[in-house]
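Visitor: the amino acid sequence is not available; the structure is as follows:
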């Protein structure tokens, strides 16, 4: 089972790398999204997959008995999902606003902040 | 149990967080928000000073959040390194807030300037003070999302363009950081940095430690703007409001540098040779590429952005050498760089106000209209280049000395060459912007920025001068920080040890019952 999931994680990383190499903002957003989910799945696999009892502590005990499933990856993934979801939402809005004011979703054409080199530091008169 | 002292480590994070919540609640009432913002950063500074004094006298201090003892729970912990950087960060943030009073208009402040600044400062202090590596990732994200918001306040086209690149590349970097943390957790089963310290060393020899160390170097290096992953910084840092650029340049890359130092000194104190070897060359390349990039630029705000990159190379060079003197130099350089990056971005903002633009070709003769700005820019620039008697001189002395002792000649050459290039750069920028005569002979100063801007820039300039002439306090502090980084037993003990006490008193386990 771990092997299958590890291969799936690898596949998702490959897909996201392919999408992230694109110059279209839409593909970039999808690439970031797939990358985030691949990472979440990876945390889940790295927490070790087991068919153990749920991580509950019986009444009267101070700590769980041995042989429970690892609850930590789920806490980590939940945190990471919340964060990546909010950032994903921000990226969508940002990309839409950028499209509205820059009239392009092609990153190669986004040169407003970094125009082509404008030549010399000096005006002709001073040289 | 001296619980009250452990609380000291919480306040530098909690105070701006409470401030951020209050300012969000007061949305739209920018006067009240501004007052709360100033109060929160001043209190954070005070809390940081109290914490630093306590840590200085009694050694590292830690507190397990919610009574869940480390290594199971999340602990905040402070040593001289973390506490010292928190103090410098909030001091500089306070001066940037003063600068921002003139720099932002009421509409921009109403768009959430103060809540975002306070959230950013929460994230920065949290990153400096956490003892848990997953928690470090969370603080990175807190910092990141508030910086996204700050980046686009104003909404000009350049800002949106810069923000797209900044947002995508930083999000990628933090995702790679999360991947590295996940792999580390998969190998060791723990996330507490103090616990990791021993467990990574005890891993079997065939564990992929090198891979994970390189992933940390890559992801944190991208946050810190290390070559060849520095390109997002000069693509974005010149676009937001000058006050926002100043706080980004002062603090965000330094959080990346701090985390690299923490990870490589605490989690991978030995081993990870490939990553350490790579670090040397990456550091040298960053110093030189940053300085050359600055020389090639024709926009003053982008020139200053590239000097930030060059400085990051110097700091990581010290980490790559890794001796006591080198870490002292690195710590000193981080403090110097926080001050000087903020000052230069403030100056660049004032130059664009005074000259009505940021292209160096369009700027001339500003000396006549604003001599104060000219002098402050020159002094800060000299400090950046590492000229005595300014604060930029001493860390380079320590680093060059440490490099010669350790035989790291590449890093020594990099520091000296990049310093020389920076000196050229500052001389040229000063001559073109301030010294050469304006074409029509008349001073063309539109606005010199006013007293608040001048006061903030003047305070930072004075600070870099005073720390250069009277460098003993910072050098002592950096020396203590370096010793604690090289011998982290006290830090590890206090993170793991205090939790043992909490266990004994049953505070952790008893509350787990439903």
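Guide: Cool, got the structure. Remember, predicted model here, so these are calculated numbers, not experimental data.

Visitor: going forward, measure contacts and count neighbours with C-alpha atoms only.
Guide: OK.

Visitor: for chain A, which residues are neighbours of chain B?
Guide: Chain A comes close to chain B at residues A:32, A:35-36, A:39, A:42-43, A:46-48, A:57, A:59-63, A:76, A:83, A:87, A:91, A:94-95, A:97-98, A:101-102, A:110-114, A:117-118, A:120-123, as judged by Cα under 8 Å from any Cα of the partner chain.

Visitor: can we see that at 7 Å?
Guide: A:36, A:39, A:43, A:46-47, A:59, A:62-63, A:94-95, A:98, A:101-102, A:110, A:112-114, A:121-123 (Cα under 7 Å from any Cα of the partner chain).

Visitor: just the buried members of those?
Guide: If you count burial by 16 or more other Cα atoms under 10 Å in any protein chain shown, the buried members of the residues of chain A next to chain B come out as A:36, A:39, A:43, A:46-47, A:94-95, A:98, A:102, A:110, A:113-114, A:121.

Visitor: need the max-distance pair from the residues you listed.
Guide: Looking at these by Cα to Cα, the two members farthest from one another are A:47 and A:121, with 56.5 Å of separation.

Visitor: rewinding a little: want to throw the buried ones among the residues of chain A next to chain B into TSV with distance to residue A:72 and secondary structure?
Guide: Formatted as TSV, the entries for those read as follows, by distance: Cα to Cα, whole Å; DSSP: H, G, I helix; E, B strand; the rest coil:
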residue	distance to residue A:72	secondary structure
A:36	18	helix
A:39	15	helix
A:43	10	helix
A:46	11	helix
A:47	8	coil
A:94	33	helix
A:95	34	helix
A:98	38	helix
A:102	44	helix
A:110	42	coil
A:113	43	coil
A:114	44	coil
A:121	57	coil
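
Visitor: of all the residues you listed, the one with the weakest confidence?
Guide: The member of these with the lowest model confidence is residue A:121, at 62 (criterion: pLDDT).

Visitor: okay, now residue 7: neighbour count?
Guide: Reading this off chain A. Using other Cα atoms under 10 Å in any protein chain shown as the criterion, residue A:7 is surrounded by 12 other residues.

Visitor: I was after chain B.
Guide: 15.

Visitor: what's the closest non-adjacent residue to it?
Guide: residue B:63 (7.0 Å; Cα to Cα, 6 or more residues apart in numbering or on different chains).

Visitor: which element is the one you found on?
Guide: When elements are defined using DSSP states H and E, residue B:63 is found to belong to strand B:61-64.

Visitor: and that strand, average pLDDT?
Guide: In this model, strand B:61-64 has a mean pLDDT of 87.

Visitor: do stretch B:312-325 as well
Guide: Model confidence over stretch B:312-325, given as mean pLDDT, is 93.

Visitor: same deal with stretch B:157-165?
Guide: Mean pLDDT, computed over stretch B:157-165, is 88.

Visitor: now do residue 45, the pLDDT please.
Guide: This is for chain A. pLDDT for residue A:45: 90.

Visitor: not quite, I wanted chain B
Guide: According to the model's per-residue confidence, residue B:45 sits at a pLDDT of 95.

Visitor: my guess is residue B:301 meets residue B:350, correct?
Guide: No: counting by Cα atoms under 7 Å, residue B:301 stays clear of residue B:350, with 10.5 Å between them.

Visitor: which residues are in contact with the most centrally placed residue in chain A?
Guide: Chain A has residue A:36 as the residue nearest its centroid, 2.9 Å off, counting by Cα atoms, centre = their mean. With contacts defined as Cα atoms under 7 Å, 6 or more residues apart in numbering or on different chains, the neighbours of residue A:36 are A:84, B:175.

Visitor: quick one on the thing from earlier: if you count contacts, what does the strand holding residue B:63 end up packed against?
Guide: Packed against strand B:61-64, as judged by 3 or more Cα pairs under 7 Å, 6 or more residues apart in numbering or on different chains; DSSP states H and E, are the following elements: helix B:3-6, strand B:75-78, helix B:489-504.

Visitor: next one: it to chain centre, how far?
Guide: The chain centroid and the centroid of strand B:61-64 are separated by 23 Å under Cα atoms, centre = their mean, to the nearest Å.

Visitor: go on, stretch A:81-92?
Guide: On the basis of Cα atoms, centre = their mean, the separation between the geometric centre of stretch A:81-92 and that of its chain is 9 Å.

Visitor: before we move on, what about stretch B:420-431?
Guide: Per Cα atoms, centre = their mean, the displacement of stretch B:420-431 from the mean C-alpha position of its chain is 24 Å.

Visitor: can you list contacts of it?
Guide: Here stretch B:420-431 makes contact (Cα under 7 Å, 6+ apart) with B:291, B:295, B:378, B:381-382, B:385.

Visitor: can the residues you listed go into JSON lines with extra columns for secondary structure and neighbour count?
Guide: Formatted as JSON lines, these follow (DSSP: H, G, I helix; E, B strand; the rest coil; neighbours: other Cα atoms under 10 Å in any protein chain shown):
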{"residue": "B:291", "secondary structure": "helix", "neighbour count": "28"}
{"residue": "B:295", "secondary structure": "helix", "neighbour count": "19"}
{"residue": "B:378", "secondary structure": "helix", "neighbour count": "21"}
{"residue": "B:381", "secondary structure": "helix", "neighbour count": "28"}
{"residue": "B:382", "secondary structure": "helix", "neighbour count": "22"}
{"residue": "B:385", "secondary structure": "helix", "neighbour count": "26"}
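
Visitor: dump these into JSON lines; add pLDDT as well.
Guide: As requested, the contacts of stretch B:420-431 are exported to JSON lines (pLDDT from 0 to 100):
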{"residue": "B:291", "pLDDT": "94"}
{"residue": "B:295", "pLDDT": "91"}
{"residue": "B:378", "pLDDT": "94"}
{"residue": "B:381", "pLDDT": "94"}
{"residue": "B:382", "pLDDT": "94"}
{"residue": "B:385", "pLDDT": "92"}
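
Visitor: any chance of those residues in a markdown table, plus distance to chain A?
Guide: Formatted as a markdown table, the contacts of stretch B:420-431 follow (distance: Cα to the nearest Cα, whole Å):
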| residue | distance to chain A |
| --- | --- |
| B:291 | 17 |
| B:295 | 10 |
| B:378 | 19 |
| B:381 | 19 |
| B:382 | 21 |
| B:385 | 21 |
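
Visitor: low-confidence ranges in the chain?
Guide: The chain I'm using is chain A. With pLDDT under 70 as the threshold, chain A has low-confidence stretches at A:117-127.

Visitor: right idea, wrong chain: chain B
Guide: Judged against pLDDT under 70, the low-scoring parts of chain B cover residues B:1-3, B:440-446, B:498-514.

Visitor: can we see that at 50?
Guide: When residues are selected by pLDDT under 50, those of chain B lie in B:1, B:499-514.

Visitor: residue ranges of each domain in it, please.
Guide: Each structural domain of chain B that the record assigns through automatic domain parsing is listed here as a residue range: B:1-263+B:488-504, B:272-469.

Visitor: closest to residue A:13 out of those?
Guide: Proximity of the domains of chain B to residue A:13 was assessed by Cα to Cα; the nearest stretch is domain B:1-263+B:488-504, lying at 11.1 Å.

Visitor: and the stretch 301-450 of chain B, which residues reach chain A?
Guide: Counting by Cα under 7 Å from any Cα, the residues of the stretch 301-450 of chain B close to chain A are B:360-361.

Visitor: now the helices: where do they sit in the stretch 301-450 of chain B?
Guide: Counting by DSSP state H, counting those that start in this stretch, the stretch 301-450 of chain B has helices at residues B:324-355, B:366-369, B:371-385, B:393-406, B:409-430, B:450-469.

Visitor: please identify the deepest-packed of those helices.
Guide: Neighbour counts averaged per stretch over the helices of the stretch 301-450 of chain B are highest for helix B:324-355, at a mean of 27; criterion: mean count of other Cα atoms under 10 Å in any protein chain shown.

Visitor: understood, closing this out.
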